[in-house]
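# Quick one, fold the following:
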Amino acid sequence: MSNIVIAALYHFTKLSDHKNLQAPLIEICNSQGIKGSLLLAFEGINGTIAGSRTGIDAVLKHLRAWPGCSNLEHKESHSSGTPFKRMKVKLKKEIVTMGQPDVDPTLNVGNYVEASDWNNLILQEDVVVIDTRNDYEVAIGTFEGAVDPETKSFGEFPEWWGKNKNKFQNKRIAMFCTGGIRCEKSTNYLINEGVEDVYHLKGGILKYLEDVPQEDSKWDGECFVFDARVSVKHRLEEGKYKLCYACRMPLAPDAFNRSEFEKGVSCHLCINTNGPERKKRFRERQRQVELADKRGKHHIG
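Take a look at the predicted model:
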């Protein structure tokens with residue numbers, strides 16, 4: 001039985017004193033042995049944490065006591081080991097960076113679609129399905145027939161939409177992302193742009209993979225996640241992908257057999273990106289990681 005609880009969460013609300021919330025949050029996470037990464041901004045909180053059942057419950061109780069956070073939702077999965085090495089709580093301008101000051105998900109967003117209803121929506125002829133994630137995430141899995149904006153960051157989405165919106169005239173727009181947070185902003189953005197029929201997958205891909213049986217699924221591939229698991233598949237079981245720790249890109253198992261791969265130093269995606277000096281630093285970092293592993297400790301670097 002997997003005994004580590006992984007909780008992915010986000011919540012948009014006006015946290016006028018978010019800077020003063022940082023230290024108490026770090027304190028309770030550390031006291032409960034929780035590891036992970038959380039982002040705090042005026043617009044809310046976002047991140048993923050992992051730890052014991054008791055510890056996760058204590059942190060969630062702490063967060064839900066904040067003003068405007070009583071209905072904070074989260075999604076859970078489980079692992080036999082912690083997918084994080086430390087606990088970080090960072091202050092940010094945005095909890096998911098879009099760079100559009102007029103976007104405010106607390107005012108209005110698209111129509112939420114439950115995972116159980118998603119297939120029926122995306123199969124309609126008048127619906128265009130748009131993946132709002134980054135290109136490297138889309139590369140390892142997406143919904144059948146979904147449009148890939150080929151963006152390298154979420155901040156590129158508005159420009160992409162401006163260049164392509166005429167292709168989607170008289171269409172309903174259905175968008176999705178990993179856990180739902182990017183769609184909170186992208187649907188608000190489209191509504192502000194005058195798009196009337198906007199929908200998004202409630203709970204994101206993670207909820208869909210958790211709830212929809214594989215035999216009924218319209219998902220093709222695996223879903224990238226921002227922790228040591230790298231990817232998950234149906235029932236949120238850990239996937240086959242691993243990271244290249246030089247370029248941080250997800251790699252399928254066959255990539256590790258290629259001549260360009262050197263653990264911690266390079267892969268076929270980045271072999272020509274880094275020069276000799278940088279690769280030398282990567283090799284030293286990898287040596288320190290392996291030494292730490294032999295001592296039974298985590299190398300933080």
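# quick one: contacts of the helix or strand hosting residue 22?
Per DSSP states H and E: residue 22 is located in helix 18-31. Here helix 18-31 makes contact (C-beta atoms under 8 Å, 6 or more residues apart in numbering) with 15, 34-36, 38, 40-42, 49, 58-59, 62-63, 66, 87, 89, 91. In this view, the C-beta of every residue, glycine as well, is placed from N, C-alpha and C.
# now swap in stretch 182-198 and tell me
10, 12, 96, 98, 100, 102-105, 107-111, 132-133, 154, 157-158, 161, 165, 171-173, 175-177, 199-201, 204.
# Among the contacts of helix 18-31, filter down to the buried ones and hand me the PyMOL syntax, if you would.
With 16 or more other C-beta atoms under 10 Å as the burial test, the buried ones among those are selected in PyMOL as follows:
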select buried, resi 15+34+35+36+38+40+41+42+49+58+59+62+63+66+87+89
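# Pull the number of nearby residues for residue 139.
15 (other C-beta atoms under 10 Å).
# Quick check: the gap between it and residue 250.
Computed as C-beta to C-beta, to the nearest Å, the residue 139 to residue 250 distance reads 8 Å.
# How about the nearest residue to residue 91 once chain neighbours are set aside: which residues does it bridge to?
Distances taken as C-beta to C-beta, 6 or more residues apart in numbering put residue 40 closest to residue 91, at 5.5 Å, once the chain neighbours are dropped. Counting by DSSP bridges, residue 40 forms beta bridges with residue 45, residue 91.
# any idea how far residue 40 is from residue 90?
Applying C-beta to C-beta to residue 40 and residue 90 gives a distance of 7 Å.
# Now the helix or strand harbouring residue 118: buried residues?
Secondary structure assignment for residue 118, by DSSP H and E: helix 115-122. Neighbour-count burial for helix 115-122 flags 115, 118-119, 121-122 (criterion: 16+ other C-beta under 10 Å).
# Let me see the mean pLDDT of that helix.
If you average the pLDDT over helix 115-122, you get 98.
# which residues are in contact with the very next helix or strand once past it?
Using DSSP H and E, the helix or strand that follows helix 115-122 in sequence is strand 127-131. Strand 127-131 is contacted from outside by 121-122, 138, 142-143, 145-149, 168, 171-177, 199, using C-beta under 8 Å, 6+ apart.
# Alright, I will stop here.
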